[in-house]
Structure formats: structure tokens, C-alpha cells
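A.B. asks: Any chance you can model this:
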Amino acid sequence: MRKSPWLFSLMAGVFLVTGSSVVSAAQFDKVIEARQDLMKSIGGASKAMRSAADAAAVAASADKLAVLFAKINAESFPKGSAEGSRSKPEIWEQWDEFTAAAKNAVTVAQSIAAKARAGENTAELVKGFGRNACGPCHRPFRKPKERS
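C.D. replies: The predicted model follows:
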């Protein structure tokens, strides 16, 4: 029995599409892991800033936070990388708002660093950092932790 050439082409196409989606899933696993590491680094730098003993330490932590927040972009959040993470689809549906929130976090961190270096009191800014820098992303774009 002779098989149709179109059937072979169809099967080859299905194989290519299926194979490439497996590669993409593996790539997203790495992206999600790197993104989670980035967020843990942000959390660590934020904690260090909140517990800093002097203005120089506040400025150093805030500078680090600005650099870390600047890494929140299309490379760390490629479209399609929500599955397996706490990222909401709203990130990609409202991309401009998402990236504006990340840029806001950079600005807030830079402002704290500049004020700390200038010798200004940064206690209230540091205290409100989570609400003003992290919250604008977490509230609309991050799923809550699943309760076990």
C-alpha cells in the first residue's frame, strides 16, 4: 500500500512543532529559574537595605536594587513563560504597565540611594519600599502563593 506524500509531510510537521515546544518548555524552565533567582536577589537586597546600619549601606543596597530591577524585561519575562510560575498572564496583556512598574522600582531605588548619599533621612522611603517599588508589580501581575 502506497502512502500519500502529504501524510508524511503532515507527520513531519507535527513532529517539528511538538519537538520545538518541548525545547521551548525547557528554555522557559531555565528562564523561570533565573527569574526566581533574580527575585530572590531583589528580596535579599531589600532586606539588607531595611536592616542597614548607616547611609552608605542603604545607598549600596539601593544601588544594587536599581541594577536588579533593571533586569526585569522581555528577556526575563518572555511571552509564554507564565506556566510553572506565579506570573499572571496580565504581564503580557498589559506589557507597558508591567515594564513601567519595573522602571518605577528602579527610580524609587535610585532616589533612595541618592538621598542616602546626600545625608538625607531615608527611613520612611526605605520603610515604604516594598509598597512603592515591589507592590505595583506584585499586586496586579503576580499570583498569590498556593496554600498547602
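A.B. asks: what bits of the protein have low per-residue confidence?
C.D. replies: Across the chain, the ranges flagged by pLDDT under 70 are 1-26.
A.B. asks: Would you map the helices across it?
C.D. replies: Assigned by DSSP state H, the chain shows helices spanning 5-50, 55-69, 90-93, 95-117, 123-127, 129, 135-141.
A.B. asks: which of these sits most buried?
C.D. replies: helix 129 (a mean of 22; mean count of other C-beta atoms under 10 Å). To be clear about C-beta, it is placed using only N, CA and C from the backbone, and glycine gets the same treatment.
A.B. asks: Can you list the neighbours in contact with that one?
C.D. replies: For helix 129, contacts defined as C-beta atoms under 8 Å, 6 or more residues apart in numbering pick out S46, M49, R50, V108, A109, I112.
A.B. asks: Identify the spatial nearest neighbour of the fourth one, chain neighbours not counted.
C.D. replies: In space, and not counting its chain neighbours, V108 is closest to A133: 4.2 Å by C-beta to C-beta, 6 or more residues apart in numbering.
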